[in-house]
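S.K.: Sequence plus predicted model, see below.
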Amino acid sequence: MSLFAPTVHRLSDIYGADVDTQALRYARLAATFKATYGAQPDFIARAPGRVNIIGEHIDYCGFPVFPMAIAPDTLVAARANGSDHIRVSNTDSAKYPPRDFSVADMFEIDPTKHEWSNYFKCGYRGVLDHVSRQGGKGFDALIDGTVPAGGGLSSSAAFVCATQLAVQRIDGYDLTQAQLASAAARAERHVGVNAGGMDQAVSIMGQQDSALFIEFYPSLKAIPVKLPEAGPPFAFVIANTMVVSDKHVTAPTNYNLRVVETRIGALMLAKHLGIAERAACVGADPLTFKVVMDEYFVMSNVGSSNGQEVQGWVTRLEAMLSETDKLFGTHPQGYTRGEMAAALGVTTTELSAKIHEDQFPVRADRFKLLQRAQHAFSEALRVVKFRGICEQARETAGQGLGNLMNESQDSCRDLFECSCPELDEICDIARKAGSLGSRLTGAGWGGCSVHLVPADKVADVKQALADKYYAAHLPDLTAGQLSEVLFATKPGRGACYYVA
Ligand code: NG1
Ligand code: MG
């Protein structure tokens, strides 16, 4: 086992807020596995969902983000079956019917079909593509997930990561955590979303009681950071709007469009700063805002942007914000494709190839490069400041952290335009009831929100949301359902195996 491989635990060591419920869940999963496939599973792989505390839509810009793993997770019970078939079933078989695949089928993923087992195939391919193999052993798998789908807590990454763990153990590979995380991020793009790597990194590398400061460039690195312990204790309250944002349907006008806006922004900024050729030389494909920033500062010889040095980051990011305004400020209403192509000295067909539209098509009349770049650089600034405050551990840290989260929400709403009225409403209610900082988490346009709440205000915030949001919008929710969409949580452990 490599030093940085996922850990293996005994089933008797199940750990979590509610050990008895968890132990029962694992025992039921093993029993259902036996009833389905006729034998006990060899092991259970587990990967958690996540909450992003701050740093939204900047993982694919190459900038650091600040998420934490949470308790809801995906379990994959698995056993090699000695055949060349891969059978997969789900404890929620009404919603996710069983499937039986040949190894060749596992490499066929149709992103136009919304099919639950596509994520399972992504996890399979993640490992096999990484080791450059065309197939592995046949096995049986049973899935049990507790991360709400389409809710912004990254059910997809939990599923893909847990599947990867299962596949590598069945096939005898030994990927490091960083390899698993990068492979999962690449693999998830097979379902048609041009995603960054935050969700997979935190699902694999999450740490009990710590959030993670995750850097992507020049290489993937996760630094555990504890919330300040001086001053009053905090909790993170999660509130799901219950507005389902289906990325597979909306990607061309929402998620994938934002990725493209930041990519074209990076290309134009590199040209404006006179570093397009340098940036091309470092072979960074795609070119991101982070690469542009680093190359620009290497050229102007202002030292390195090391994750430790808050001041270094601040200087660089502020300079990029000012260049952003100079370059894109002429087009506050956005750019047409023709204008962007002309600025880059290419045809619109060449532009389309540059942004990989064959794989990730986008639709927009205007591309709002100014606003998207302003969000990306200012959000990166908030992430480094957030980490800085955590590391200072002052009595007054809570308000500082909360302010950064509130500013992030404003930026997501006004500049990145990835909020929605329900998210805005929830943030408003929570702040009035005592939340220090409230914002959307994940891609947005629906899904979940996260709130930094002093421990003694958690009950008030939850009550206010129950009365003012849930009772008004979803009057039929039962108390049990409410506890699944509105709950307090803290940083949990990352992906691991359980064995008997
Ligand atoms: P969600 O929609 O919560 O899965 C997505 C991306 C992340 C990141 C966030 C926004 C996927 C798998 N993940 O999260 O990489 O870009 O949006 O910060 O699409
Ligand atoms: Mg997802």
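M.R.: Received, thanks. Only a predicted model underlies this, so the values are computations on that prediction, with no experimental measurement involved. Ligands and ions are numbered 1, 2, ... in the order given.

S.K.: which bits of this structure sit near ligand 1?
M.R.: Contact residues (C-beta under 6 Å from any ligand atom) of the chain with ligand 1: 52, 56-57, 59-60, 152, 154, 156-157, 188, 193, 195-196, 198-199, 247, 442-443. No exception for glycine: its C-beta is placed from N, CA and C like everyone else's.

S.K.: Least confident secondary structure element in this structure?
M.R.: helix 247-250 (a mean of 83; mean pLDDT, DSSP states H and E).

S.K.: is any part of it close to ligand 2?
M.R.: No: using C-beta under 5 Å from the ion, helix 247-250 stays clear of ligand 2, coming no nearer than 6.8 Å.

S.K.: quick one: the strands in this protein?
M.R.: 7-10, 43-54, 66-80, 85-90, 99-102, 139-145, 211-215, 221-225, 234-240, 437-440, 448-454, 486-489, 496-499 (DSSP state E).

S.K.: what sits against the residue in the chain positioned nearest to ligand 1?
M.R.: When scored by C-beta to the nearest ligand atom, the chain has Gly442 as its residue closest to ligand 1, at 2.6 Å. Residues near Gly442 by C-beta atoms under 8 Å, 6 or more residues apart in numbering: Asn52, Glu56, Gly151, Gly152, Leu153, Ser154, Cys448.

S.K.: Farthest pair within those residues?
M.R.: For these, the farthest-apart pair by C-beta to C-beta is Glu56 and Gly151; their separation is 15.2 Å.

S.K.: More neighbours: which of these two?
M.R.: Using other C-beta atoms under 10 Å, the more surrounded residue of Glu56 and Gly151 is Glu56, with 29 against 24.

S.K.: on that earlier part again, what about the contacts of Gly442, which one has the most neighbours?
M.R.: Ser154 (34 neighbours).

S.K.: count of residues packed around the closest residue to Tyr60 other than its chain neighbours?
M.R.: Counting by C-beta to C-beta, 6 or more residues apart in numbering, Gly196 is the residue found nearest to Tyr60 once chain neighbours are left out, at 3.5 Å. Residues near Gly196, counting by other C-beta under 10 Å, number 20.

S.K.: can I assume Gly196 is in contact with Glu56?
M.R.: No: Gly196 is not in contact with Glu56 according to C-beta atoms under 8 Å; the separation is 10.3 Å.

S.K.: Outside of stretch 30-46 itself, list whatever touches it.
M.R.: By C-beta under 8 Å, 6+ apart, stretch 30-46 touches 11, 26, 29, 73-81, 87, 89, 91, 98, 140, 142, 162-163, 165-166, 169-170, 495-500.

S.K.: Which members of those residues are classed as buried?
M.R.: Among the contacts of stretch 30-46, those classed as buried by neighbour count (16 or more other C-beta atoms under 10 Å) are 26, 29, 73-79, 81, 87, 89, 91, 140, 142, 162-163, 165-166, 169-170, 495-498.

S.K.: Tell me how far Phe234 lies from His451.
M.R.: Remark: distance between Phe234 and His451 (C-beta to C-beta, to the nearest Å) = 10 Å.

S.K.: more neighbours, these two?
M.R.: His451 (31 against 24).

S.K.: okay but the more buried one is in contact with Gly434, surely?
M.R.: No: contact between His451 and Gly434 fails when scored by C-beta under 8 Å: they sit 9.2 Å apart.

S.K.: Overlap in contacts, those two.
M.R.: With C-beta under 8 Å, 6+ apart as the test, His451 and Gly434 both reach Val461.
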